[in-house]
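Peer 1: generate a structure from the sequence data that follows.
(one chain, ligands or ions: 1)
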Amino acid sequence: MNDKLKELADLMFPNVTKTVEDYEKMYPERNLEEGAVVTRFAPSPTGFVHMGSLLTAFEAHKAAKDTNGVFYLRIEDTDQKRSVENGIVGILNDLKNFDIVPDEGMIDEENSIGNYGPYIQSERMEIYHAFAKDLVLRGLAYPCFCNAEELDEIREIQELNKERIGYYGSFAKCRSLSIDEAIAKIKNKEDFVVRLKSPGNFNKKIILNDLARGDIEFPENDLDIVLIKSTDKLPTYHFAHLVDDHLMRTTHIMRGEEWIASFPIHDQLFSIFNFKKPKYAHLGLVMKVDDTGVRRKLSKRKDPEASVEFYHKEGIPIDAVKSYLMTIANSNFEEWQDKNPDSPLADFKYDFKKISISGTLFDVSKLFNISKNYLSKRTAKEIYEELLIWTEEFDQEFYNLLLKYKDYAISIFNIERNIEKPRKDYTSYSSIRNFVFYMFDELFMNPNYEEVKIKDKKERELILNTYYNEYLDLTDKDSWFLKIKEMCDKLGYASNIKEYKKNPENYKGNVSDVTGLIRVSLTSKTNTPDLFNIMELLGKEKIKERFTKYLKSIN
Ligand code: GLU
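Peer 2: Sure thing, here's the model as predicted:
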């Protein structure tokens, strides 16, 4: 070995004790079945997951699960500006709300599980430095002492001469420093970054076989990119990607499309170390069509649905969200689901070739629709149990009522459920209260009665009193309705709508006006599920109370 290079490398990395070979041994190839996808989610510890990143994590997790592979969580905390307190736990919680639990990686702010750690970059400094030192020893990396002004100067010259911008070739000033000069500067405590001495030729082509996008051609990288930053000696994303994804034996890199342009750098780094190259899938941006019809990137600031907490708070069932995410992840999923309506998501195989790359359109109304369909297929008991979990966290008052009136609540959720076309009004757990509140006296203290067709107050009083005293029959739906019609005939309302339409002037109104009045007085709403079912559950006593309450309110 070149003694001078060794002296330089030792000066640059005085604390490195292990070599690349040592690490190779410490983190051996994983023993997994053929085709197993090892992939990761690699966020900064920002405390939350944005929808775009969640989609990436969801897809990566799915790809790993489908192949009996590994999905791990690596925390990229080399940018201190993006770190917040408890930032990891926040991320884990967001993931957990979508059933995404990493097989390996960080499990809280300090601890991790798995044999390929540390899974947080700030604890991997010695490893990065060992790899960088290896490059210095091989003459493939060098210290660069250029300060901001010098770099600006290079840029200005390049702009003036219409040259490609960047630190490369003859523009890379510190490339040509002699080893002695570099050693002298370090001894002189001059600040430096570590740069790659790129062996690339910009006129040569390389190809990225992107799993989602097909082949993309690039010029080879010839930039002497920074590997290790000066102030804190932290690695750049590029260098950490190489070291971490190699040592963690990642087979598939699934990441945002903003990284496509960096591929030539990454490809070169893997080549220099002669490491097996991972496969790449660059996912599209998550977009939305806003109120004005403009297609734009989903924005953390403007769009509540960009934060994944939204789904949890809103109470959209996890399975519905997952189903929706799969819809936007793989273009063939909806068709598959139509063909296999009762199969679980686990039966669908994630397909890299079906990734939508032109930008993923995020459509909340579609998600609510999926949620609606999903909830319409739940049994009353399932609704009850799931709602109990949601209300415990978000609606204590309703939670207590659900606990207190368990059987009654289940019967309410069962209204129009066990039928061929079950009700489809619930859009999320948070929406349910508004559809059933009137069944609970505790939530019916100050009802906001909707308008009814029959305007005369005396007439309303007459109908409700006559009904309660003479015609109320809850034996079964047929007798119930027969009685109502009987009363209509007696009071001058058409019991037959067709008849009414022919000669409306012969009547005060028709049977639907009468049931409308009964409905509003009992529930305050003009629109409810089956009125007989509601009345059956309320029972005579409560019906009486509700009529009285209503009549009081209108007088
Ligand atoms: N920390 C990077 C990011 O959040 C990770 C990208 C990657 O998955 O490689 O964008």
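Peer 1: what about residue 276, how many neighbours?
Peer 2: Using other Cβ atoms under 10 Å, residue 276 is surrounded by 10 other residues. In this view, the C-beta of every residue, glycine as well, is placed from N, C-alpha and C.
Peer 1: can I get the helix or strand hosting residue 62 in PDB, CA atoms only?
Peer 2: When secondary structure is defined by DSSP states H and E, residue 62 falls within helix 51-66. Backbone C-alpha positions of helix 51-66 (Å, rounded to 0.1, in the frame of the first residue of the first chain) are rendered in PDB as follows:
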ATOM      1  CA  MET A  51     -49.300  10.500   2.500                       C
ATOM      2  CA  GLY A  52     -46.700  10.200  -0.300                       C
ATOM      3  CA  SER A  53     -44.200   8.500   2.000                       C
ATOM      4  CA  LEU A  54     -46.900   6.300   3.400                       C
ATOM      5  CA  LEU A  55     -47.700   5.100   0.000                       C
ATOM      6  CA  THR A  56     -44.100   4.200  -0.500                       C
ATOM      7  CA  ALA A  57     -43.900   2.400   2.800                       C
ATOM      8  CA  PHE A  58     -47.200   0.600   2.000                       C
ATOM      9  CA  GLU A  59     -45.900  -0.600  -1.300                       C
ATOM     10  CA  ALA A  60     -42.500  -1.600   0.000                       C
ATOM     11  CA  HIS A  61     -44.100  -3.500   2.900                       C
ATOM     12  CA  LYS A  62     -46.500  -5.300   0.500                       C
ATOM     13  CA  ALA A  63     -43.700  -6.300  -1.900                       C
ATOM     14  CA  ALA A  64     -41.700  -7.700   1.000                       C
ATOM     15  CA  LYS A  65     -44.700  -9.600   2.500                       C
ATOM     16  CA  ASP A  66     -45.700 -11.100  -0.800                       C
END
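Peer 1: what helices or strands is it leaning on?
Peer 2: When contacts are defined as 3 or more Cβ pairs under 8 Å, 6 or more residues apart in numbering; DSSP states H and E, helix 51-66 packs onto strand 38-41, strand 70-73, helix 87-96, strand 252-256, strand 279-283, strand 286-289, helix 318-329.
Peer 1: any idea of the mean pLDDT in that helix?
Peer 2: Confidence over helix 51-66 (mean pLDDT, whole number) is 95.
Peer 1: stretch 133-145 too?
Peer 2: Across stretch 133-145, pLDDT averages out at 97.
Peer 1: what does stretch 166-179 give?
Peer 2: 96.
Peer 1: report the buried residues of it.
Peer 2: Within stretch 166-179, the residues that qualify as buried by neighbour count (16 or more other Cβ atoms under 10 Å) are 166-168, 171-175, 177, 179.
Peer 1: got those residues as TSV, with distance to the ligand columns?
Peer 2: As requested, the buried residues of stretch 166-179 are exported to TSV (distance: Cβ to the nearest ligand atom, whole Å):
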residue	distance to the ligand
166	22
167	23
168	24
171	28
172	26
173	30
174	28
175	28
177	32
179	34
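Peer 1: now, the most widely separated pair of the residues you listed?
Peer 2: Across the buried residues of stretch 166-179, no pair lies farther apart than 166 and 179, at 24.1 Å, counting by Cβ to Cβ.
Peer 1: what residues does this structure put near the ligand?
Peer 2: By Cβ under 6 Å from any ligand atom, the residues of the chain that approach the ligand are 42-44, 76, 241, 253, 255-256.
Peer 1: try 8 Å this time
Peer 2: Contact residues of the chain with respect to the ligand, defined by Cβ under 8 Å from any ligand atom, are listed as 40-44, 53, 56, 76, 237, 241, 245, 253-256, 258-259.
Peer 1: buried subset of those?
Peer 2: Buried residues within these, defined by neighbour count using 16+ other Cβ under 10 Å: 40-44, 53, 56, 76, 237, 241, 245, 253-255, 259.
Peer 1: report the contact partners of the closest residue to the ligand within the stretch 151-300 of the chain.
Peer 2: The minimum distance from the stretch 151-300 of the chain to the ligand, using Cβ to the nearest ligand atom, falls at residue 255 (3.6 Å). If a contact means Cβ atoms under 8 Å, 6 or more residues apart in numbering, then residue 255 has 42, 56, 280-283 as its contacts.
Peer 1: distance to residue 332 added to those residues, as CSV?
Peer 2: Supplementary listing: those in CSV, determined by distance: Cβ to Cβ, whole Å:
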residue, distance to residue 332
42, 27
56, 19
280, 21
281, 16
282, 19
283, 16
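Peer 1: for the residue sitting furthest away from the middle of the chain, give its distance to residue 496.
Peer 2: With Cα atoms, centre = their mean as the measure, the chain has its most outlying C-alpha, relative to the mean C-alpha position, at residue 506: 60.0 Å. When distances are taken as Cβ to Cβ, to the nearest Å, residue 506 and residue 496 turn out to be 11 Å apart.
Peer 1: same thing with residue 26?
Peer 2: When Cβ to Cβ is applied, the distance between residue 26 and residue 496 equals 85 Å.
Peer 1: need the next SSE after whichever strand or helix holds residue 485, C-terminal direction.
Peer 2: Taking DSSP H and E as the criterion, the element that holds residue 485 is helix 477-491. Moving toward the C-terminus from helix 477-491, the next helix or strand (DSSP H and E) is strand 493-494.
Peer 1: just checking, what packs against that following strand?
Peer 2: Other elements packing on strand 493-494 under the criterion 3+ Cβ pairs under 8 Å, 6+ apart are strand 509-510, helix 511-523.
Peer 1: which neighbouring elements make contact with whichever helix or strand comes after that strand?
Peer 2: Elements were assigned by DSSP H and E; along the chain past strand 493-494, the next helix or strand is helix 497-502. The helices and strands touching helix 497-502, judged by 3+ Cβ pairs under 8 Å, 6+ apart, are strand 509-510.
Peer 1: any regions of the stretch 401-550 of the chain where pLDDT drops low?
Peer 2: Scanning the stretch 401-550 of the chain for pLDDT under 70 picks out nothing.
Peer 1: thinking again about what came up before, give me the buried positions along the helix holding residue 62.
Peer 2: By 16+ other Cβ under 10 Å, the buried positions in helix 51-66 come out as 51-66.
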